[in-house]
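> need a 3D model of the sequence below.
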Amino acid sequence: MDAGQAAAEVRLVDLGNRIVRTANVELEVGEGKLNTTINQATDVVREAKGIYVGSSTTVPSGEPASGQVTFRVPVDAFESVLRELKGLGTYRGEQSSTEDVTNQYVDLNGQLAAWRAQERVYLRLLDRARSVTDVIAVQNQLQQVQSNIERLQGQLKHLEDQSSFSTIVLRLTEPGAGGPAAPQGRLARAWATAVNGLGVMAAAVLVAVIWLIPVAVLAGLVLLGVRALRRPRPA
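Sure, this is the predicted structure:
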């Protein structure tokens, strides 16, 4: 193996696989433990060299409290951190996704190398330009090339960040006094069912009345018109 092949293999290894991982975890925590759980989750992530992104909590009147907290954790610590976070409450579900962006990352690197080569060409032409017209023309081309380079660098930086740190979103719910208590016993359940049925029937009758009023008015107008036409005219 010559030096060129060895260098190519080293560059290939350095690129590595670029995987974007995201997990949304649903947890139920004990009453009054929402903020405590968020603090515990933050400590777990920071111990793994992760990043706390932000959180939000809501405590609506008469309903269970809830909150959401977002973290970014190193890819190597993703599985271990996820297991620890799931143990902070009662696991209620999870949505996770994995996207391989390796090919996109390699393609962007190739485009960036090509634009940088063009930049070097235009820089040499700029040094050799003698007239003002030539300088302006080369500078215009150079600005377009450098704009493309900045755009590609931004896309590469975004992919590097997304594939170096995985995203974990914890959605937490805290049991509370949410809604009226369910009726107990057969008689109470039957009474509740009857009341709900009467409410549905009343709503249906109201809708029917609203629809029938315009029809009745229209029918009355038609009847009046027919009677007026049938009324004998004076000689």
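> tell me the pLDDT of R18.
Looking at R18, its pLDDT is 89.
> from here on, count from 31
Sure, I'll start numbering at 31, so the last one becomes R48.
> does it touch V131 like I think?
Yes - using Cβ atoms under 8 Å, R48 is in contact with V131, at 4.7 Å. C-betas here are computed from N, CA, C, even on glycine.
> overlap in contacts, those two.
Common neighbours of R48 and V131 (criterion: Cβ atoms under 8 Å, 6 or more residues apart in numbering): L189, S193.
> show residues contacting stretch 163-180.
Residues from elsewhere that reach stretch 163-180 (Cβ under 8 Å, 6+ apart): L142, W145, R146, Q148, E149, Y152, L153, L155, L156, A159.
> how about the nearest residue to R51, chain neighbours excluded?
Using Cβ to Cβ, 6 or more residues apart in numbering and skipping the chain neighbours, the partner closest in space to R51 is S196 (4.0 Å).
> can you give me the buried ones in the one helix or strand the one you found maps to?
If you go by DSSP states H and E, S196 is part of strand 195-204. By 16 or more other Cβ atoms under 10 Å, the buried positions in strand 195-204 come out as F195, S196, T197, I198, L200, R201, L202, T203, E204.
> same thing with stretch 102-118?
R102, V103, V105, A107, F108, V111, L112, E114, L115, K116, L118.
> quick check: the two most widely separated of these?
V105 and L118 (21.5 Å; Cβ to Cβ).
> so, low pLDDT: which residues of this structure?
Applying pLDDT under 70 to the chain flags the ranges 31-46, 206-265.
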